[in-house]
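**Q** Using only what follows, build the 3D model:
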Amino acid sequence: MARTKTIHRCTECGAPTAKWAGRCPACGEWNTLVEELDEGRRVSHQGGPVATLVGPSEERPRPIGKIDAGAWAPVPTGVGELDRVLGGGLVPGSVTLVGGEPGIGKSTLLLQALAARAARGNPCLLVSAEESAQQVRLRAERLGVLHPDLWLFTATSMPQVVAAVSEVDPALLVVDSIQTIVDPDLGATPGTVAQVRGCAAALVALAKQQAVAVVLVGHVTKDGALAGPRVLEHLVDTVLSFEGERHHALRLLRAVKHRFGPTGELGLFEMGESGLVGLPDPSGLFLGDRRPGVPGSVVVPALEGQRPLLVELQALIAPGLPGSPRRSTQGLDGNRVALLLAVLERRADLSLAGFDVHTSAVGGVRVCEPAADLGLALALASAATGVPVPADVVACAEVGLGGELRRVAQTPRRLAEAARLGFHRAVVPASAPSPPPGTSYIRAVDLSSAIAQLGLLPPSSAANRGACPLKAL
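**A** Numbering: from 1, shown residues only. Reported below is the predicted structural model:
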């Protein structure tokens, strides 16, 4: 007769330890060790390990050139933006983990994907471990996705989920969510490291054995990271992040990890009354309500993966309290804004030290790449001097600490998209390649030169050096 020993496992990295400690010896996090049964080591009453027999594997070593890659071809889900991020669709036998804040639209997105796949005659199964069958039915009616090949099963027990998969034999299985599934054989409470890891491993094995594409919904922490052990992300083939602002209709889908393709693509959706609608041309949404001729507004051609997006950056300067000016950012990196303010003061004689500075990327999108440096700096200079940037100008360059302008990747691709939307002039570094058709360059070697060529540079003299005129104030 054998008895089971207990170990302590870190909820962050999944590393096991023989005894509890305040700090994980593997990742260094504090208060993350929890007790669980040791599934991998069973000992007899005499203290010796119980032998475990492993059966022979059906796989044999083969030359890599003789392996058939066609069996792992992606199958489209029917949701265009989702397929874009996945590189064509879901691969049979793959496991995908989708994370996002509560209420962002994860369940809506996956229900639409299930319905689109079921509409092509492929049985699909949704295992709802958090919502009742009536709640899911009402959402399906609202979205208009009731199909006879779309099956629904409400359960939290892992053996029941396996039995349902055997009965329906689906082409696509969605489990919402993995943190609420329980395997009674593991002997741990729901949501613990042992349960999440064990249930995920069982679903991965099920996906490989039956060649069914599995999608797991995962909870996230307050910091936006996926909840549960880090080993959960290592078990799955793909990790998708579904993001967006609660007060904006825009939703962004990114691949954090993808074993079957690149991770640089971005999927864009708009949340409406009838569900999520893909945005194949999102620049129109970002620039639809733009007011040309307003100081502090500059359009930048950002790049998400291989997809150029034109985004409006705005800056506002206002008098601040003595000694404690405010620095607020929305959709931008606050550290990058602080760096550009320092470069403006030291390299362009434009000091905003005593003023409140508010910056924003309009439309609910987040822009953090260095290519937006020049556009943001010009927006700050425009807001400070009260001189608007010409409406047909975009800016695309990285700004160094010396004030120099540096080239960014795929400049012609960015500016070709800008020209398509009516922006025919671009402020770029002097070393930028030849402009695409329909675009002319305003070349500048440094930030001060770019500001001067657009007429945004304040008067500079020994008397007012470093002072900002702030005409609007």
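**Q** report the longest helix in the chain, please.
**A** The longest helix of the chain (DSSP state H) is helix 193-210.
**Q** tell me what the helix or strand just after that helix is packed against?
**A** Counting by DSSP states H and E, the next helix or strand C-terminal to helix 193-210 is strand 213-218. Packed against strand 213-218 by the contact rule (3 or more CB pairs under 8 Å, 6 or more residues apart in numbering; DSSP states H and E) you find strand 95-100, helix 106-118, strand 172-176, helix 193-210. All C-beta spots, glycine's among them, are computed from the backbone N, C-alpha and C.
**Q** Contacts for strand 213-218, please.
**A** Identification of contacts with strand 213-218 by CB atoms under 8 Å, 6 or more residues apart in numbering yields 75, 90-99, 106-107, 110, 113, 171-179, 200, 203-204, 206-207, 226-228, 232, 236.
**Q** Mean pLDDT lowest where, among the helices and strands packed on strand 213-218?
**A** Ranked on mean pLDDT, the bottom entry among these is helix 193-210, at a mean of 91.
**Q** so who does residue 243 touch?
**A** Applying CB under 8 Å, 6+ apart, the residues near residue 243 are 100-101, 104, 224, 251-254, 366.
**Q** how does it look with 10 Å?
**A** 99-101, 104, 224, 250-254, 364-366 (CB atoms under 10 Å, 6 or more residues apart in numbering).
**Q** Quick check: mean pLDDT of stretch 7-27?
**A** Rounded to a whole number, the mean pLDDT of stretch 7-27 is 81.
**Q** Could I get the buried residue list for that stretch?
**A** Buried residues in stretch 7-27, counting neighbours by 16 or more other CB atoms under 10 Å, are found at 7-12, 14-15, 24.
**Q** what does stretch 349-369 give?
**A** 349-352, 355-367, 369.
**Q** and if you look at stretch 326-344?
**A** 329, 331-333, 336-337, 339-341, 343-344.
**Q** With stretch 312-326 instead?
**A** Result for stretch 312-326 [16+ other CB under 10 Å]: buried residues 312-317, 320, 325.
**Q** Same check on stretch 288-305?
**A** For stretch 288-305, by 16+ other CB under 10 Å, it's 295-304.
**Q** Over to stretch 161-172?
**A** By 16+ other CB under 10 Å, the buried positions in stretch 161-172 come out as 161-162, 164-165, 168, 170-172.
**Q** Stretch 65-75 now?
**A** By 16+ other CB under 10 Å, the buried positions in stretch 65-75 come out as 74-75.
**Q** Export it to CSV, keeping only CA atoms.
**A** Output of stretch 65-75 as CSV, limited to C-alpha atoms (Å, rounded to 0.1, in the frame of the first residue of the first chain):
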residue,chain,number,x,y,z
GLY,A,65,11.9,15.8,-44.2
LYS,A,66,9.5,12.8,-44.1
ILE,A,67,7.2,14.3,-41.5
ASP,A,68,3.8,15.4,-43.0
ALA,A,69,3.3,19.0,-42.1
GLY,A,70,-0.1,19.1,-43.8
ALA,A,71,-1.8,17.5,-40.8
TRP,A,72,-1.1,20.7,-38.8
ALA,A,73,-2.5,23.2,-41.4
PRO,A,74,-4.7,25.9,-39.7
VAL,A,75,-8.4,25.7,-40.2
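**Q** how far is it from where the chain is centred?
**A** 28 Å (CA atoms, centre = their mean, to the nearest Å).
**Q** Pull the residues that contact that stretch.
**A** 83, 86-94, 117, 120, 122, 171-172, 211, 213, 259-261.
**Q** rewinding a little: wait, which of the buried residues of stretch 288-305 is closest to residue 413?
**A** Checking the buried residues of stretch 288-305 against residue 413 with CB to CB, the nearest one is residue 303 at 7.4 Å.
**Q** wait, isn't the closest one in contact with residue 415?
**A** No - counting by CB atoms under 10 Å, residue 303 sits too far from residue 415 to count as a contact (11.1 Å).
**Q** any residues in contact with both of these two?
**A** residue 396.
**Q** Run a quick neighbour tally on residue 95.
**A** Neighbour count for residue 95, taken as other CB atoms under 10 Å: 26.
**Q** go on, residue 109?
**A** 27.
**Q** how close does the closest residue to it other than its chain neighbours sit to residue 107?
**A** In this structure, residue 109 finds its nearest non-sequential neighbour in residue 276, 5.5 Å apart by CB to CB, 6 or more residues apart in numbering. Going from residue 276 to residue 107 by CB to CB, to the nearest Å gives 11 Å.
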